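**Q** how does the following fold in three dimensions:
(chains A and B)
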Amino acid sequence: MLAQRLTRRKIILLVESNQALAKLLHTTIAQHTPHGAVGVSTGEEALRVLRTTIPDLVILNAELPDMTGAHLCAQIRRVEKLKSLPLLLVGTDRPVEEALGLRLPLRLDVFLQTIAYLLRA
Amino acid sequence: MSTNNEPLSPFGQAPPTTVLIVEDDAATADVFALALSQESHNYLPLIASTGSEALTLVKAVKPNLLIIDYHLSDMTGIAFYDTFHALEEFRDVPAVILSASLALHLEEIQARKLHSLEKPFALDAFLLSVKQALAQ
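**A** So this is what the prediction gives:
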C-alpha cells in the first residue's frame, strides 16, 4: 500500500486565465510528465476546488483576473491543511508564501525541472 | 487492477468500475475523475453536476459507487442518496459523502451506513475511501 501511494501519479491544479498558455502548460504536463492537470481560470475557482480536495501541486499565474497570485497564495496558506501544499507562481521570480516563482517567458525545461522538484517524494 | 469480484469481461479484462461523481463544481469533479483514471484504468468516472442530473444518468448506467457532495445545488447529498437508494436495483450500491462539516451530519450519515470524507481531503484519502467503499 505504501509503495503504491508513493508511486501514485500526481495531480496538478493549474490556475491560468490565458487560455493559450493554459493549453500549452496542460499539454507540456500531459506529454512530458507522468502526471495530470486540471485547469481553472480564476483564483476563486481554485479556492472552490481547494475547499474540497488537496491536489499535489498548484501552479498559478501571478496575475489572475480576480486576484493576484500572491493573494491567492496567502489565502491558501490560511488553511491549516494547505500549509505545506507545493505552490508554483508563473510570472514572477519573487518568492511569496513559500511558493517558488518562474519568470515569463517560461523556459519549459526549467518549468518541468521545477515541477519534478516540487513533486519529489 | 481489479476493483471488484466480477468475472473477466469477454475481452479478457476486469469489467469497468463505474464511479458516479455528483458534484456541482466542475473543476473539483474533474480532479476526482482524473485521480480515479490515474489510479486504475478500470475506474470509469461519470460526472453529474446536480442530484436530478445524476438521477437521470443512473437510469442509463448503473454505477458501482457514488461519490456525493453533501451540498448540491438542487438538493442535499442525503436527499439524493435516499431517492437513489429507494430504487430496488440500487440498494447494493455503496456511497461516499463529502462534507466540510461531517460532525453536523453524522447522525444521518451513520444511519445510512455511508462512507464519509471531511473536506478538504488529500487525494490519497479519497482513493482509499473509494477502495474501502467498493470492498464493502
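
**Q** neighbours around the residue nearest to B:Leu34 when sequence neighbours are not counted, how many?
**A** Using CB to CB, 6 or more residues apart in numbering or on different chains and skipping the chain neighbours, the partner closest in space to B:Leu34 is A:Gly36 (4.8 Å). The C-beta positions use only the backbone N, C-alpha and C, and glycine is treated the same way. For A:Gly36, the count of nearby residues is 21 (other CB atoms under 10 Å in any protein chain shown).

**Q** quick one: the helices in the chain, in order.
**A** I went with chain A, as the question did not name one. Secondary structure of chain A (DSSP state H): helices located at A:2-7, A:19-32, A:43-50, A:69-77, A:108-118.

**Q** the chain in question should be chain B.
**A** Using DSSP H, helices in chain B cover B:26-39, B:51-60, B:77-85, B:102-111, B:123-135.

**Q** tabulate these in TSV, adding columns for mean neighbour count and distance to A:Arg103.
**A** Listed next are the helices of chain B as TSV, based on neighbours: other CB atoms under 10 Å in any protein chain shown; distance: least, CB to CB, whole Å:
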stretch	mean neighbour count	distance to A:Arg103
helix B:26-39	21	27
helix B:51-60	16	43
helix B:77-85	20	44
helix B:102-111	13	43
helix B:123-135	17	30
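
**Q** dump these to TSV, plus mean pLDDT and distance to B:Thr17.
**A** Shown next, in TSV, are the helices of chain B (pLDDT from 0 to 100; distance: least, CB to CB, whole Å):
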stretch	mean pLDDT	distance to B:Thr17
helix B:26-39	97	9
helix B:51-60	96	15
helix B:77-85	97	17
helix B:102-111	95	23
helix B:123-135	97	7
